[in-house]
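Colleague: next comes the sequence, and after it the predicted model I'd like to discuss.
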Amino acid sequence: MTRSIRTATIIQAAGNKPKVIEEYIGRVNSNTADVSIACMKSPSGWVEPGQTPEFDEYTVVLKGMVRVETRGEVIEVNAGQAVVTNKGEWVRYSSPWPEGAEYVAVCLPAFSPETVHRDG
């Protein structure tokens, strides 16, 4: 059945500074377990704990830059670029640039606090 999603739900974010997560589709806002789609706004200097999630994450940066660290490399994803991280791979996201970052994150299956497996 076709459904209209009229508003997002603000989800509490992990990290050293406040970050806005607007979930449009996912476990909280639309009761969808197959996929989550959220708009993120992270401030300058934001860093989240490392994680080893049970989902693939597809990130499209709209403004600023998102730094993605894995065990093997550091990738700087600028506005107009995207990155894919795979389930079971350790990863840490941050937004070190002065203007922070705005981006869209899609998780398959949907993001869940129980399946993200954040570091200590």
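Modeller: Right, received. Where do you want to start?

Colleague: quote the end-to-end distance of stretch 50-63.
Modeller: Start and end residues of stretch 50-63 are separated by 22 Å (CA to CA, to the nearest Å).

Colleague: list of residues touching it?
Modeller: Stretch 50-63 is contacted by residues 66, 68-69, 77-93, 99, 101-112, 115-119 when judged by CB atoms under 8 Å, 6 or more residues apart in numbering. Placement of C-beta: from N, CA and C, glycine included.

Colleague: quick one: average pLDDT of the longest strand seen in the chain?
Modeller: Ranked by number of residues, the top strand in the chain under DSSP state E is strand 56-70. For strand 56-70, the mean pLDDT works out to 98.

Colleague: next secondary structure after it?
Modeller: Counting by DSSP states H and E, the next helix or strand C-terminal to strand 56-70 is strand 74-78.

Colleague: what comes up buried for whichever helix or strand comes after that following strand?
Modeller: Downstream of strand 74-78, the first helix or strand assigned by DSSP H and E is strand 82-85. Going by neighbour count (16 or more other CB atoms under 10 Å), the buried part of strand 82-85 is 83, 85.

Colleague: who does strand 82-85 pair up with?
Modeller: Counting by DSSP bridges, the strands paired with strand 82-85 are strand 56-70 (antiparallel).

Colleague: do you know how far the residue nearest the centre of the chain is from residue 59?
Modeller: Residue closest to the average C-alpha location in the chain (CA atoms, centre = their mean): residue 105, at 4.7 Å. Going from residue 105 to residue 59 by CB to CB, to the nearest Å gives 5 Å.

Colleague: before we move on, what about residue 30?
Modeller: Using CB to CB, residue 30 is found at 20 Å from residue 59.

Colleague: same check, this time on residue 82
Modeller: Computed as CB to CB, the residue 82 to residue 59 distance reads 6 Å.

Colleague: and for residue 115?
Modeller: Computed as CB to CB, the residue 115 to residue 59 distance reads 17 Å.
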